[in-house]
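Engineer: here is the input, now give the coordinates:
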Amino acid sequence: MTDQAFDSPTPNQAQLPWQEAFRFATVMWLSSRLVILLCLLVIAPALPTPEGGEAAIASWEIFSRWDSRIYDTIVTFGYQFQNDGEGYNVAFFPLFPLLIKVAMELGLPFEVAGTLINNVAFWGALVILYCWVREEHHQAIARWATAALAWCPFSLFGTVIYTEGLFLLCSTLALRSFEKQLYGWAAFWGALTTAIRPPGVALIPTFLWVAWRERRTAIAYITAIASSMGLLLYTLYCGVRFGQPFAFVLAQRGWQSDDQAFHGAVWLSRFMEVLIGPANQDEGRIVDPWYPIALLILLALAVVLWRTRHRLGSPKTGYGFCLVALALWLLGGSILVNLVMVFGGAYLLWHTRRDLGRVALTYGVFSWLIILSTGRTTSAERYAFGVVTLAIALGLLLSRYPRWGYATMVFFGILMGSLSVRFAQGLWAG
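Structural biologist: Alright, predicted model coming up:
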């Protein structure tokens with residue numbers, strides 16, 4: 001084999017460069033985690049405590065906010081549930097707190113155990129993602145997909161005490177194993193995935209659909225059923241412990257805060273907030289005319305940039321769009337990020353559907369159906385981040401337009417820093 005052929009790997013090449021995967025994934029993981037740690041441990045503690053927030057103190061406790069504390073109660077006191085319509089910690093699936101409990105038995109405090117487990121798992125997810133995409137596509141796409149996952153603003157939740165890292169690791173391993181027809185491993189990792197959090201059930205219809213479309217043998221269908229074992233065992237536990245097998249479903253309703261008159265009403269409200277402004281949406285009339293005026297100006301600038309792109313040239317047009325995107329984020333804030341992550345992500349899956357493998361695409365489709373089927377917007381962007389197909393789709397796109405890729409990574413870094421500071425201050429981050 002010539003050097004040129006080695007430098008230009010073909011799709012589905014047999015020999016997988018694990019050393020390359022470890023090296024690149026580690027660089028992406030370490031560099032992005034350093035940004036998060038800088039914001040959590042240095043910048044946030046130096047800022048004043050915001051109204052409604054918490055004092056950010058540079059310690060292990062800064063990794064424990066919001067859902068992290070619920071996992072702490074599970075590890076410390078166990079699961080609680082009563083069928084009274086309130087939210088209980090039984091809504092949070094057992095694998096992550098179980099692993100933390102094991103680490104604590106070895107002498108680690110809760111904050112240290114939870115942080116280490118999530119970080120190591122997220123690093124592993126980056127390595128496996130690189131290997132999988134490298135096998136199915138080529139090096140450039142693998143690098144961009146890995147960078148996109150590592151630098152996505154919501155990868156913050158792959159560092160603090162949340163389930164994102166563990167979920168991405170197990171789901172990616174399950175998908176890759178099924179793609180390669182390693183059914184024993186696919187069933188094992190699939191069962192672990194469904195024991196981490198509810199969206200893991202997207203693996204089951206994914207495996208069934210792919211098995212049917214590709215006319216795979218019966219073992220593929222058995223793998224799909226076996227992948228549900230994590231969910232089934234937790235259902236059995238709830239039935240024995242609380243006398244209600246679906247206690248986790250009933251408890252989840254108690255945590256929901258998105259009251260809506262009809263399905264999708266909250267999403268419609270979010271769109272209106274971005275279009276006319278939160279103050280105008282709340283009042284039902286224009287009380288802040290500057291918001292829609294600013295939005296119209298930015299949209300007009302975007303149209304002008306697009307119509308004059310040939311005269312301006314690619315670099316100037318690109319810089320202009322970057323500035324418009326930054327201004328839109330400053331104007332629309334977290335609501336705009338929420339909409340772009342969910343609906344922009346859905347469009348990206350459709351746009352790259354012919355290049356995504358069948359397993360990855362099917363998993364993305366079923367995952368988005370689950371996200372949208374709830375009608376809720378709370379944490380939807382974080383759940384979208386947990387769908388590994390989105391990182392692959394973004395890698396496909398950015399490998400074609402690397403100049404936009406570098407700008408995207410810079411923008412991701414800014415958003416990541418902002419979310420990290422908010423999380424450290426006890427403010428809602430996703």
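Engineer: got a list of what residue 395 touches?
Structural biologist: 133, 141-148 (C-beta atoms under 8 Å, 6 or more residues apart in numbering). (Each C-beta comes from the backbone N, C-alpha and C, glycine too.)
Engineer: quick check: the gap between it and residue 20.
Structural biologist: Going from residue 395 to residue 20 by C-beta to C-beta, to the nearest Å gives 15 Å.
Engineer: excluding chain neighbours, what is closest to residue 99?
Structural biologist: Once flanking residues are discounted, residue 99 sits nearest to residue 117: 5.4 Å by C-beta to C-beta, 6 or more residues apart in numbering.
Engineer: do the same with residue 332
Structural biologist: Per C-beta to C-beta, 6+ apart, closest to residue 332 is residue 274, 5.1 Å.
Engineer: returning to that earlier point: so which of the contacts of residue 395 are in helices?
Structural biologist: Per DSSP state H, helices hold the following members of the contacts of residue 395: 133, 141-148.
Engineer: pull out the buried residues from those.
Structural biologist: 133, 141-148 (16 or more other C-beta atoms under 10 Å).
Engineer: okay, the contacts of residue 395 in CSV with pLDDT next?
Structural biologist: Shown next, in CSV, are those (pLDDT from 0 to 100):
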residue, pLDDT
133, 96
141, 96
142, 96
143, 96
144, 97
145, 97
146, 98
147, 97
148, 97
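Engineer: got the residues you listed as TSV, with distance to residue 72 columns?
Structural biologist: Formatted as TSV, the contacts of residue 395 follow (distance: C-beta to C-beta, whole Å):
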residue	distance to residue 72
133	35
141	39
142	37
143	37
144	36
145	33
146	31
147	32
148	31
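Engineer: nearest to residue 99 among those?
Structural biologist: For the contacts of residue 395, the residue nearest residue 99 by C-beta to C-beta is residue 146; the value is 24.1 Å.
Engineer: isn't the closest one up against residue 23?
Structural biologist: No. Residue 146 is beyond contact range of residue 23, at 11.0 Å (criterion: C-beta atoms under 8 Å).
Engineer: need the contact list for the spatially closest residue to residue 67 that is not a sequence neighbour.
Structural biologist: With sequence-adjacent residues excluded and distances taken as C-beta to C-beta, 6+ apart, residue 67 is closest to residue 162, at 6.0 Å. By C-beta under 8 Å, 6+ apart, the contact list for residue 162 reads 67-68, 118.
Engineer: most surrounded residue in these?
Structural biologist: Within these, residue 118 tops the neighbour count with 27 neighbours, counted by other C-beta atoms under 10 Å.
Engineer: list the contacts for residue 49?
Structural biologist: 55-56, 425.
Engineer: list the buried residues for the strand or helix carrying residue 408?
Structural biologist: Using DSSP states H and E, residue 408 sits within helix 402-424. For helix 402-424, burial by neighbour count (16+ other C-beta under 10 Å) applies to 405, 407-409, 411-413, 415-424.
Engineer: off-centre distance for it?
Structural biologist: Helix 402-424 sits 14 Å away from the centroid of its parent chain (C-alpha atoms, centre = their mean, to the nearest Å).
Engineer: by contact count, what packs against that helix?
Structural biologist: helix 18-38, helix 44-46, helix 139-151, helix 314-339, helix 388-400 (3 or more C-beta pairs under 8 Å, 6 or more residues apart in numbering; DSSP states H and E).
Engineer: isn't residue 281 up against residue 271?
Structural biologist: No. Counting by C-beta under 8 Å, residue 281 does not reach residue 271; the two are 9.6 Å apart.
Engineer: those two - which one has more neighbours?
Structural biologist: Neighbours were counted for residue 281 and for residue 271 using other C-beta under 10 Å; residue 281 has more, 19 against 14.
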